[in-house]
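In: Structural data only, the sequence is not supplied:
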């Protein structure tokens with residue numbers, strides 16, 4: 001997968017459950033799970049071809065995620081909305 005769909009993690013608020021992340025120097029994808037206060041990190045699961053593999057997981061600290069991982073950007077983040085009730089112009 002190309003890096004054009006991924007950006008640096010600049011703020012912890014980007015770390016939402018279900019987000020797709022990848023390490024900066026590898027192509028393997030992970031899905032971000034819940035934050036565990038006891039373990040002081042996020043549970044991440046391997047992710048491939050749209051499927052999350054629950055049989056294996058790791059816990060990664062917030063600092064490590066922000067330093068060594070990229071997060072998938074929203075595909076329609078700046079595009080017009082399809083909802084007719086929401087105006088495209090502000």
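Out: Yep, it's here. None of these values were measured; they are calculated from a predicted model.
In: all helices in the chain, in order from the N-terminus.
Out: Remark: helices assigned in the chain by DSSP state H are 62-68.
In: Give the buried residues for stretch 46-55.
Out: Residues 46, 47, 52 are the ones in stretch 46-55 that count as buried (16 or more other C-beta atoms under 10 Å). Every residue, glycine included, has its C-beta placed from N, CA and C.
In: Which ones among those map onto strands?
Out: Judged by DSSP state E, strands contain the following of those: 46, 47, 52.
In: Now do the strands for this structure: every range, in order, please.
Out: All strands of the chain, identified by DSSP E, fall at 6-8, 20-23, 29-36, 41-48, 51-52, 58-60, 69-72.
In: related to what we said a few turns ago, let me have the ones in strands among the buried residues of stretch 46-55 in TSV, adding distance to residue 73 as columns.
Out: Compiled in TSV, these are given as follows (distance: C-beta to C-beta, whole Å):
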residue	distance to residue 73
46	21
47	16
52	19
